[in-house]
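Colleague: Requesting a structural model of the entry that follows:
(2 chains)
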Amino acid sequence: MAGHTTELDAKTLWGGKESPFQTSYGKLMMWFFLVSDALTFGGLLIAYGFTRHDAQDAWPIGEETFNSLPFLGHGYPLIYVALMTFILIVSSVTMVLAVEAGHRMDRKGVTKWMIATIIGGFFFLGSQAWEWSHFIHGSEFGKIELADGSQAIVKGHFGEIESFTVEVAGKHHKKGDIIKEDLMHTFQHAAEKGHLHEGKILLHDGSIAKVNKVKDEHMELIIKKDGKKNKIGDAPIEGDAAEKMYYEALYSGEANRVIYGANLKQNEYGPQQYGQFFFFITGFHGFHVFSGVIINILICIGVMAGTYHKRGHYEMVEKTGLYWHFVDLVWVFVFTFFYLV
Amino acid sequence: MERDDLIEYSLHGHHSEEQGKVIRKKIWMVTALLTAITIVEVALGAFIKQSSGAWPFVKWSFIIMTLFKAGYIVMIFMHLGDEKKTLRYVILVPYFLFMLYLIFIALWEALAVGEAWATYGV
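Modeller: As a prediction, this is how the structure comes out:
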């Protein structure tokens, strides 16, 4: 076991021979670094809590914001982040198994578990890349500003856009042309600029086309910012009424009535600071994971080269393990305060 | 000058094959526990709406479960539970004192700021 405690006589204890903590210098310094890093993350999460407590608009709800899975679409609240959490926990376990193997001077075991940990780390980074991409691109409906000035997020199934049929020719397209490429992107871009009107879209080249779109299903509007009529906490607006209000706003011809996804200025999920904190906290954590993977790779090379075996102990694995567990520890808190609460 | 009287603490971590078996068993137990807690958290988060009356309890149970998870990670995975008591408390006590203070100050202040905005406008 790490750090045996032994009984000491006063002479040994006060003679400067014995370290008061009975650990090596390197491990102690790693702990001190981790405490300072934990203060950084603690500060960030508390700043997030501060902003959330003084926010006037409704704060986004985790299971409404994060409910998608790759390839499967919507309707899976929190499953993806739970999966990410699980990946990180498992890679933490493989790391602790590597440390355990090191304590038995089992070089093969250390190598095996270190490689497993590195793979877990890459999986987590990949998941986070998807998560960011999804967060940035946003939903198909976006967040809509309704006629009374209230803002609502939209749930439901977005009917697919099949094509645009050009009705008024522009510089590029002729009348009767059928456009089948890049439809969603063009549609959302036009919606943001207010270039949609009664099922027609004004394209870049000045042509006007009819939008051929399958009807949306199960639409639901959830109010996230008070307006003159609709207030936060109202029951969701459903069905035909929701569709009427949504498309009234989308076809209003006004710019910025709809927001898709997120950037540092605005996002469809909630207040501006929500997006900023998301990018900063998960980004800073992701950067830690990335550094951790790099450090793990370097240490793994050292293990395979036999550097630590010659040294007589695998404490380097234990130290990098401390850092790796810390990354997992931080994620446990990010998971709770960003996604669950 | 090379000193020969220094203790090589790095060797203290070594253990035998039998001890290893016991430790590995403990590691897998903790893994199962952490996974179970995460599953419970996700189930609660997915099925209980924030508008429901049970939400305050769910919220606090999230925080308590998180602290449990954190405790297991720090004490078992990071071996802080096996370190000398002095080291354990030097790491944990100042951190917790400072964090509790900061949480108290920041959230209390936030409520006051939010109220001021609600009253006097932004």
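Colleague: Only C-alpha atoms from now on, for both contacts and neighbour counts.
Modeller: Noted.
Colleague: mind listing the helices for chain B?
Modeller: Applying DSSP state H to chain B gives helices spanning B:17-47, B:55-72, B:85-120.
Colleague: go on, chain A?
Modeller: Using DSSP H, helices in chain A cover A:10-14, A:25-54, A:62-65, A:79-103, A:107-137, A:183-193, A:239-250, A:272-277, A:283-305, A:307-311, A:315-334.
Colleague: right, and the ones you listed - which one's nearest residue A:146?
Modeller: Proximity to residue A:146, assessed across the helices of chain A by Cα to Cα, is greatest for helix A:239-250 (5.7 Å).
Colleague: Go ahead and name everything in contact with the closest one.
Modeller: Helix A:239-250 is touched from outside by A:144-147, A:191, A:194, A:196-197, A:217-221, A:257-258, with contacts defined as Cα atoms under 8 Å, 6 or more residues apart in numbering or on different chains.
Colleague: Show me just the buried residues among these.
Modeller: Among the contacts of helix A:239-250, those buried by neighbour count (16 or more other Cα atoms under 10 Å in any protein chain shown) are A:144-147, A:191, A:194, A:196-197, A:219-221, A:257-258.
Colleague: ok, back up a step: of the helices of chain B, which is nearest chain A?
Modeller: Proximity to chain A, assessed across the helices of chain B by Cα to the nearest Cα, is greatest for helix B:85-120 (3.9 Å).
Colleague: what's the angle from the closest one to helix A:25-54?
Modeller: On the basis of axes from the mean of the first three to the mean of the last three Cα atoms, to 10 degrees, helix B:85-120 is oriented at 20 degrees to helix A:25-54.
Colleague: Could you list the buried residues of helix B:85-120?
Modeller: B:87-88, B:91, B:95, B:99, B:102-103, B:106-107, B:110-111, B:113-115.
Colleague: can you check stretch A:208-224 too?
Modeller: Using 16+ other Cα under 10 Å as the burial criterion, the residues of stretch A:208-224 that qualify are A:208-211, A:219-224.
Colleague: Let me know the closest of those to residue A:308.
Modeller: Closest approach between these and residue A:308, by Cα to Cα: residue A:224, at 56.5 Å.
Colleague: where does the chain have low pLDDT?
Modeller: By default, I'm working from chain A. Counting by pLDDT under 70, chain A contains low-confidence residues at A:1-8, A:11-16.
Colleague: Chain B was what I was after
Modeller: B:1-6, B:122.
Colleague: Nearest residue to the middle of it?
Modeller: Nearest residue to the geometric centre of chain B (Cα atoms, centre = their mean): residue B:70, 2.3 Å.
Colleague: Which residue ranges make up the domains of chain B?
Modeller: Annotated domains of chain B cover B:19-82, B:84-122 [automatic domain parsing].
Colleague: was I right about residue A:218 contacting residue A:236?
Modeller: No - in this structure residue A:218 lies outside contact range of residue A:236 using Cα atoms under 8 Å: 11.6 Å.
Colleague: before we move on, the earlier item: CSV for the domains of chain B, including distance to chain A?
Modeller: Formatted as CSV, the domains of chain B follow (distance: least, Cα to the nearest Cα, whole Å):
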stretch, distance to chain A
domain B:19-82, 6
domain B:84-122, 4
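Colleague: Which of the buried ones among the contacts of helix A:239-250 fall in strands?
Modeller: The strands, defined by DSSP state E, take in A:144-145, A:196-197, A:219-221, A:258 from the buried ones among the contacts of helix A:239-250.
Colleague: Those: which ones sit near chain B?
Modeller: Contacts with chain B are made by none of those, judged by Cα under 8 Å from any Cα of the partner chain.
Colleague: Chain B contacts on the stretch 101-250 of chain A?
Modeller: So far as Cα under 8 Å from any Cα goes, the stretch 101-250 of chain A lies against chain B at A:101-105.
Colleague: Does residue A:233 touch residue A:226 like I think?
Modeller: No - counting by Cα under 8 Å, residue A:233 stays clear of residue A:226, with 9.3 Å between them.
Colleague: of these two, who's got more company?
Modeller: Using other Cα atoms under 10 Å in any protein chain shown as the criterion, residue A:233 and residue A:226 rank with residue A:226 on top: 19 against 13.
Colleague: Not counting sequence-adjacent ones, nearest residue to that one?
Modeller: Take residue A:226 and drop its neighbours on the chain: the residue closest to it by Cα to Cα, 6 or more residues apart in numbering or on different chains is residue A:150, 4.9 Å away.
Colleague: for the one you found, what are its contacts?
Modeller: Contacts of residue A:150 by Cα under 8 Å, 6+ apart are A:223-231.
Colleague: how near is it to chain B?
Modeller: Distance, residue A:150 to chain B, by Cα to the nearest Cα, to the nearest Å: 17 Å.
Colleague: That residue and residue A:283: what is the separation?
Modeller: Look at residue A:150 and residue A:283: by Cα to Cα, to the nearest Å, they are 31 Å apart.
Colleague: do the same with residue A:137
Modeller: Look at residue A:137 and residue A:283: by Cα to Cα, they are 17 Å apart.
Colleague: same question, residue B:75
Modeller: 27 Å.
Colleague: Over to residue B:45?
Modeller: Residue B:45 is 23 Å from residue A:283, where distance means Cα to Cα.
Colleague: So for these two, which residue has more residues nearby?
Modeller: For residue B:45 versus residue A:283, neighbours defined as other Cα under 10 Å are more numerous around residue B:45 (24 against 15).
Colleague: which residues does the more buried one contact?
Modeller: A:63, A:78, A:340.
Colleague: what's the neighbour count on the first one?
Modeller: Counted with other Cα under 10 Å, the burial measure for residue A:63 works out to 23 neighbours.
Colleague: Number of residues surrounding the residue lying closest to residue A:173 once chain neighbours are set aside?
Modeller: In space, residue A:173 comes closest to residue A:207 once its chain neighbours are excluded; the distance is 6.6 Å by Cα to Cα, 6+ apart. Residue A:207: 18 surrounding residues under other Cα under 10 Å.
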